[in-house]
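Asks: Predicted model follows, preceded by the sequence.
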There are 2 protein chains.
Amino acid sequence: MSAHPLEELLRPRSIAVVGASKSGRGGGFVAPLLELGFKGDIYPVNPKYTEIMGMKAYPRVRDIPGPVDYVISSIPAAGVLGLLDDCAEKGVKLVHLFTARFSETGRKDAAQLEQDILRKAREAGIRLIGPNCMGIYYPAMGISFNSGMPSESGSVGVVSQSGQAVGEMVGGAAARGIRFSKAISYGNALDFNECDYLEYFAQDPETKMVLLYIEGVRDGPRFLKALRELAAVKPVIAVKGGRGESGTRATASHTASLAGSREIWQTVVNQTGVVTARDLEELVDIAVAFYFLPPFKGRRVGVTGGSGGSSVLAADLCEEAGLDVIPLPDDIREELRRRGNPVWDWIGNPADFSISMGDHNDTAAITRLMAQHPDFDMMILFVSGPWHRGRRFSIDEHMAQYGFEHMNSKPVVLVFGDRPRGTGREAARYEKINDELKSRLIEAHYPMFPGIRRAASAVGKMISYYEKKR
Amino acid sequence: MSAHPLEELLRPRSIAVVGASKSGRGGGFVAPLLELGFKGDIYPVNPKYTEIMGMKAYPRVRDIPGPVDYVISSIPAAGVLGLLDDCAEKGVKLVHLFTARFSETGRKDAAQLEQDILRKAREAGIRLIGPNCMGIYYPAMGISFNSGMPSESGSVGVVSQSGQAVGEMVGGAAARGIRFSKAISYGNALDFNECDYLEYFAQDPETKMVLLYIEGVRDGPRFLKALRELAAVKPVIAVKGGRGESGTRATASHTASLAGSREIWQTVVNQTGVVTARDLEELVDIAVAFYFLPPFKGRRVGVTGGSGGSSVLAADLCEEAGLDVIPLPDDIREELRRRGNPVWDWIGNPADFSISMGDHNDTAAITRLMAQHPDFDMMILFVSGPWHRGRRFSIDEHMAQYGFEHMNSKPVVLVFGDRPRGTGREAARYEKINDELKSRLIEAHYPMFPGIRRAASAVGKMISYYEKKR
């Protein structure tokens, strides 16, 4: 079997950024390469400058002294044919066209220009990503389309028709601790299209799971086959943009896609086994569950750490997400009694921590007993800041309270509310300490959600996936 | 018609906090009274102290020199009967029992003690709030159960069986700009119960809308009548805790409630016209829509300010929430052409601002034309920080871009993402400026949501309410 063509193309020895500038989006493609430490040569190209970000700037691609494998174009559409002539002369292998205003405008001349570009690229043996897209984030190679992206690699691949969506998916998931193998935004999909990227990720050993934002497809049968084959070997979490009438209209002006109906998409989902989300927030939630939890199938959940109404609603919301909030097993109750716990007959599942009056040892003990009990398939823990009865604990003391170290063998999901705690300076202080605790928990590889509804829903979808998979 | 008994009881001349202490929850009831500037006398009561927070502390209620109208009890359950003797002697009218561990424990002796307390209170003519609850937040009187609550009043009343839920509702809604007439958490509802509070809010002129968190009811027919009468005159937004099997189990140990089934609750909803939410986050979202938007019934929405995938998904999510994302009217298109807008034939609804390349005047102009067009019943605007093409604008300049001043006659909903923008110092700087902009928009009384799905869903529910109401 020959390697996928993207395999080599995504490992360029050098990158030219055409239309680079000292600020704005043009500069935006140079800065991330420096930030992520791209190992090869970086060549800013713009006849208006002699130097950009400390590097020599070249008037045209053909003026670059060394070989150029990869070109990022952020020049206006009218200049792209000329750029391709240059690229052909330099032996460029791959061009990413951030450049837009082609077929997505709905204009005949723009669509014709797009086709001319494709023909010229084919003649020159140049492959294209885009146009009208953000291109590539490949942390191991030091390639990124945005600043502030993690430099460490992970196992998640992203395919996105939209450049906005790829930024939101990667940014949102990165903040939750997910790391990526590579992310590709492909816009109008003139040359390489969604099928190529799905096929590439199916065979990519660096990628264990794929996030997909898609609007429309060019070749239905090939897409169905590519998605089915990918989803057969790796979990795929997908959002379909353009599900309804107005969304379909919007996809035409966004990526010149024919979106296809909600019903067709549902058929695709059923035939391929992809996990679907309604929006990117839900997609990231599901990705968090898949990324940090082991594959497991049981639905019996133990919930601890809530208080009052939040425990009651936790039970409802878990149940509505298909989880099984079983009653507290009798032997745990007996053990609590044996230990002299004053609420042994009263505490339940969810274990309401306002009942045990915030006593450190009791709460840790109950969580630990539940986590170690064979009747529970998983645990959901409400986490809050390191305050108890007006006293502040260190983050280490506080983390010890939850008894995390005794749950290694059981999947654990954390719920840590984002909700505000008053206003002003006091609130800002709380926020800072809470953020520190959250960072610590994310670094320790816990799947964390801002609310129980989102946690339960994401985990429920993941369990359904593994059940069907069997 | 005689006044509702709570009318006078909620306006005490003096408050005694029994079980007050220098820290923890006991102190927690004194501090908010000082913070909100309660006008009457505050008497901390605790035999262990001579002074609490700069005020003289009294050993017992009977030792207080002046008259005492209202007592907050945070002493252990065993002391409450004795406290009531004291209260009877002092002529106390209302006792709020934060004190818990009564019938919610499921223990016979505790349930018996609760009944003894009720009997003694009745004999002495003392009314009870609780036990096992947070009591009252009444900003106009300077009464609160938590620190950091807004001191300004508003028109929203809150009735909550859970003390955790009342804090989450009020705190969450306050951060979104909502202000309250009064909030009452009532726990086990030994004396005054949910029906009393609903009846009170129905006749309370300070309250225009009611948020309700309820687990179980004592008297079904009276509850149905009270809720129907309240919902007939004011919007009621409700979350039912204990909808499923495990949640029902949890309500028993939380507030000693019999939760009733999901089907019964659905019947209540249908018969009363309350607006329901699945959790408190959704409840606050709906409250934001009701609080800041005028009553309107049309579903035709104009969406602007998104970009790429977010515009496509905005269309889908609005449609799925029952809104009508109509195509851009032809006369707006013609007007754009007349003005020489380069994307007049291409821009649509949602108006994707990445298409117009971020030009200030164009984006403002399109938003303004849509807002002023009679075909749109409302506008949803994506808002982001004050950056354009790498340049930072002042918050005033930035707000001017959206053309808010030209939309006065049309309901406007803002979507301002919470999502992180990278990490580190740069992100923190962005965050600070974004927070400032958010505060400004909230102060200007815009309903603001962190995502389009939540915005569309809340507004859709509000429109359905007004449609049914007609």
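Replies: Sure thing, it's come through.
Asks: Next one: whatever residue of the stretch 51-200 of chain A ends up closest to chain B from A:Ile129, what distance?
Replies: Per C-beta to the nearest C-beta, A:Gly148 is where the stretch 51-200 of chain A lies closest to chain B, at 2.3 Å. Yep, even glycine has a C-beta here, placed from its N, CA and C like the rest. From A:Gly148 across to A:Ile129, the span is 22 Å (C-beta to C-beta, to the nearest Å).
Asks: More neighbours: which of those two?
Replies: A count of neighbours by other C-beta atoms under 10 Å in any protein chain shown puts A:Ile129 above the other of A:Gly148 and A:Ile129, at 28 against 17.
Asks: Surely that one touches A:Lys93?
Replies: No - with contacts counted by C-beta atoms under 8 Å, A:Ile129 stays clear of A:Lys93, the gap being 11.4 Å.
Asks: Using CSV, write out the CA atom coordinates for stretch A:71-90.
Replies: What follows is stretch A:71-90, C-alpha atoms only, in CSV (Å, rounded to 0.1, in the frame of the first residue of the first chain):
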residue,chain,number,x,y,z
VAL,A,71,3.3,27.9,0.4
ILE,A,72,0.7,29.7,2.4
SER,A,73,-1.2,32.3,0.4
SER,A,74,-3.0,35.2,1.9
ILE,A,75,-2.9,37.5,-1.2
PRO,A,76,-6.1,38.6,-3.0
ALA,A,77,-7.7,36.1,-5.3
ALA,A,78,-6.6,37.9,-8.4
GLY,A,79,-3.0,37.2,-7.7
VAL,A,80,-3.2,33.4,-7.2
LEU,A,81,-2.7,32.3,-10.8
GLY,A,82,0.5,34.3,-11.0
LEU,A,83,1.6,32.9,-7.7
LEU,A,84,1.1,29.4,-9.0
ASP,A,85,3.4,30.1,-12.0
ASP,A,86,6.0,31.1,-9.4
CYS,A,87,5.3,28.0,-7.3
ALA,A,88,5.6,25.8,-10.4
GLU,A,89,9.0,27.3,-11.1
LYS,A,90,10.2,26.7,-7.5
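Asks: List the buried residues of it.
Replies: Of the residues in stretch A:71-90, A:71-75, A:77, A:80, A:83-84, A:86-88, A:90 count as buried by neighbour count, 16 or more other C-beta atoms under 10 Å in any protein chain shown.
Asks: Pull the residues that contact it.
Replies: For stretch A:71-90, the external contacting residues (C-beta atoms under 8 Å, 6 or more residues apart in numbering or on different chains) are A:15-20, A:25-26, A:29, A:60-62, A:64, A:67-68, A:92, A:94-102, A:110, A:113, A:116-117, A:120-121, A:123-126, A:131, A:135.
Asks: In chain A, which strand is the longest?
Replies: Ranked by residue count under DSSP state E, the longest strand found in chain A is strand A:153-160.
Asks: remind me, longest helix of chain A?
Replies: Across chain A, the longest stretch assigned as helix under DSSP state H is helix A:424-443.
Asks: Pull up the pairing partners for whatever helix or strand comes next after that helix, direction included.
Replies: For helix A:424-443, the following helix or strand on the C-terminal side (DSSP states H and E) is strand A:448-449. Sheet pairing of strand A:448-449 (DSSP bridges) gives strand A:412-416 (parallel).
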